[in-house]
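Chemist: no sequence on hand, only this structure:
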Ligand code: M6R
């Protein structure tokens, strides 16, 4: 996945494009480039981060129209020649997505005499656009783009400039995000609103299979049949400050600290502890449909998948609905047995994860109703699902998901309580008790944050270890998986998460004095079982770091370090344990001087399969 931007207006394009690209660097950061029109097209691109690009652009480069790109390599190495924009004579193109039939198109274009300078799929778009503009008389940029996209298989958000029509930026979208920002005498196009939020909060989300163009004071959108499409503008409600670091050393630390507020936002206006009810108006399921639900399938990737495992446990306990959890990237290839009476729940913070979108499309072909749980308003998943429950965690910039994970957990609690009440599986009293405990979480997270130095000391003590294990049982099992994912992702320490009972079936062979084991040993009906697992680990001389309740005086007899959480309900304590493990990962990565917000090889939203 990559970030694209376009600017046209009365301002200088270069600083605006560079600023926008910096906001989009989280989408990919292995190379970057811009094209600006100033009498002719001037293009600068280079491998590495935006600062490398800044260094090669002439200081007083002029021009009021331009496009830019920040890349996460898919086709071709992260080298300057593979960086966007890609050029074909007087045309410049930036693209996010994957052109699946690019080899076939490339061969055809080579036969037509086009010379390729990169290994990318994007370069075929530039040449095809040039060919379509010139093959049978002269066509305008927009008509040529319409011709071009008819020949593309795959996904794309495209912005294109042509030196012969220097008063427009043409764009097109299919399965990769594209949003237009409406300024005053200036307009913007980008993969994500953060790119231009400094300049405008008025936006139009471009839908799949739409194309159009920007002029400084107008925007035109068309469907594939050339019909003009009229679209209301939407106003973004959060501001740039929310997308900046606000004094924290890293976005990840800021986002961990935002959790008392972000969780509050997730459940605001939805929970009634007096009635024992959860209001989810956005769920388009009738009481009758809810009663007849027999099975649900949760589909997600990465951290969202870990949240989904907790979702499975919650659903089975609170709603009595048989629930499966599927890795989205495997879902389509495993002959899923689904029927129209079933529910799928897609969890994706970005709403753009290609594997999750593909799995949802596949489940819809069986007639399933899909609920999307996402953080990003207007993202692709929201347009392809029957119901959308927003997690409302605010923008998350750090590649490692933190506040969006806990917001997903809260959303899953709410969904499970809502369905469980509607199906008569849990009583109002049980629901009230859970709701009271959910509402306590923001204050309890704050207490953990206030004691973060203890977690930092622990992280520093073990930062040189090469391997880590995380274990938990039942609701704490997905938290163990997430703890391990967080640590490996940002500190590059090899880490494995296990259901604690599984250790003796193989992984125990790896335990030595050099493998710290983090055991989530919070109060609940599996507490005694995890104590036994901790003893098995100690017998192998490994260090045990326990995450345990503040009032547990027993645990310290068996472990080396205890990281405490406030006493909490067994069902809601996983949220608290996950905050402890986020901080453990963060401080470990900090001690190792890692690139915390932009870990190597990763990107925030994975829009390729
Ligand atoms: O946007 P999504 O929730 O669909 O993303 C899925 C994963 O790529 C994501 O959760 C990834 O595992 C996180 N960056 C991990 O912190």
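Modeler: Great, that's in hand. Predicted, not measured: the structure shown is a model, and the values here were computed from it.
Chemist: where do the helices sit along the stretch 201-350 of the chain?
Modeler: With helices called from DSSP state H, counting those that start in this stretch, the stretch 201-350 of the chain shows them at 251-257, 259-267, 287-292, 302-318, 328-331.
Chemist: SS state for the residue of the stretch 401-550 of the chain found nearest the ligand?
Modeler: Residue of the stretch 401-550 of the chain nearest the ligand, by C-beta to the nearest ligand atom: residue 401 (3.9 Å). All C-beta spots, glycine's among them, are computed from the backbone N, C-alpha and C. Secondary structure, DSSP: H, G, I helix; E, B strand; the rest coil: residue 401 is coil.
Chemist: so what pLDDT did it get?
Modeler: Looking at residue 401, its pLDDT reads 97.
Chemist: burial of the nearest residue to it once chain neighbours are set aside, as a residue count?
Modeler: With sequence-adjacent residues excluded and distances taken as C-beta to C-beta, 6 or more residues apart in numbering, residue 401 is closest to residue 303, at 4.1 Å. Using other C-beta atoms under 10 Å, residue 303 is surrounded by 24 other residues.
Chemist: and the residue of the protein nearest the ligand?
Modeler: Counting by C-beta to the nearest ligand atom, the chain gets nearest the ligand through residue 302, at 2.0 Å.
Chemist: which parts of the stretch 351-500 of the chain are helices?
Modeler: 354-364, 380-384, 403-422, 428-450, 452-461, 477-491.
Chemist: now render those helices as JSON lines, adding distance to the ligand and mean neighbour count.
Modeler: JSON lines is the format used below for these (distance: least, C-beta to the nearest ligand atom, whole Å; neighbours: other C-beta atoms under 10 Å):
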{"stretch": "helix 354-364", "distance to the ligand": "5", "mean neighbour count": "22"}
{"stretch": "helix 380-384", "distance to the ligand": "8", "mean neighbour count": "20"}
{"stretch": "helix 403-422", "distance to the ligand": "7", "mean neighbour count": "26"}
{"stretch": "helix 428-450", "distance to the ligand": "18", "mean neighbour count": "18"}
{"stretch": "helix 452-461", "distance to the ligand": "17", "mean neighbour count": "17"}
{"stretch": "helix 477-491", "distance to the ligand": "5", "mean neighbour count": "26"}
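Chemist: okay, now the domains of the chain?
Modeler: 3-236, 244-442, 451-597 (automatic domain parsing).
Chemist: redo those domains as JSON lines? Include distance to residue 605.
Modeler: As requested, the domains of the chain are arranged in JSON lines below (distance: least, C-beta to C-beta, whole Å):
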{"stretch": "domain 3-236", "distance to residue 605": "6"}
{"stretch": "domain 244-442", "distance to residue 605": "4"}
{"stretch": "domain 451-597", "distance to residue 605": "14"}
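Chemist: which among these is found nearest to residue 606?
Modeler: Taking C-beta to C-beta, domain 244-442 is the member of those nearest to residue 606, at 5.4 Å.
Chemist: count the neighbours of residue 557 for me.
Modeler: By the measure other C-beta under 10 Å, the count of residues near residue 557 is 7.
Chemist: and the gap between residue 478 and residue 487?
Modeler: If you measure residue 478 against residue 487 using C-beta to C-beta, to the nearest Å, the figure is 15 Å.
Chemist: can you classify residue 189 by secondary structure?
Modeler: Classified using three-state DSSP, residue 189 is strand.
Chemist: could you find the closest non-adjacent residue to it?
Modeler: Of all residues not flanking residue 189 in the chain, residue 6 sits nearest, at 3.8 Å (C-beta to C-beta, 6+ apart).
Chemist: list the contacts for that neighbour?
Modeler: Going by C-beta atoms under 8 Å, 6 or more residues apart in numbering, residue 6 touches 66-68, 94, 159, 161, 169, 171, 188-190, 214.
Chemist: could you dump the residues you listed to a markdown table with neighbour count and pLDDT?
Modeler: Formatted as a markdown table, those follow (neighbours: other C-beta atoms under 10 Å; pLDDT from 0 to 100):
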| residue | neighbour count | pLDDT |
| --- | --- | --- |
| 66 | 29 | 98 |
| 67 | 31 | 98 |
| 68 | 33 | 98 |
| 94 | 33 | 98 |
| 159 | 32 | 98 |
| 161 | 27 | 98 |
| 169 | 29 | 98 |
| 171 | 27 | 98 |
| 188 | 26 | 98 |
| 189 | 31 | 98 |
| 190 | 28 | 97 |
| 214 | 26 | 98 |
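Chemist: nearest to residue 375 among the residues you listed?
Modeler: Among the contacts of residue 6, residue 190 lies closest to residue 375 (C-beta to C-beta), at 17.7 Å.
Chemist: may I ask you to confirm that that closest one is in contact with residue 196?
Modeler: Yes: with contacts counted by C-beta atoms under 8 Å, residue 190 reaches residue 196, the gap being 5.8 Å.
Chemist: not counting its own residues, what contacts stretch 463-471?
Modeler: Contacts for stretch 463-471 (C-beta under 8 Å, 6+ apart): 462, 480-481, 483-484, 487, 491, 493-500, 503, 507, 510-511, 514-520, 530, 533, 537, 542, 581, 588, 591-592.
Chemist: now these: which count as buried?
Modeler: By neighbour count, with 16 or more other C-beta atoms under 10 Å, the contacts of stretch 463-471 hold 462, 480-481, 483-484, 487, 491, 493, 495-500, 503, 511, 515-520, 530, 533, 537, 542, 581, 588, 591-592 as buried.
Chemist: tell me which of those fall in strands.
Modeler: Judged by DSSP state E, the buried ones among the contacts of stretch 463-471 include 495-499, 517-520 as members of strands.
Chemist: return the member of the residues you listed nearest to residue 321.
Modeler: Distances from residue 321 to those, taken as C-beta to C-beta, are shortest for residue 499 (22.0 Å).
Chemist: and the closest one, what are its bridge partners?
Modeler: Residue 499 has these beta-bridge partners by DSSP bridges: residue 472.
Chemist: repeat that for residue 343.
Modeler: The partner residues for residue 343, given DSSP bridges, come to residue 296, residue 369.
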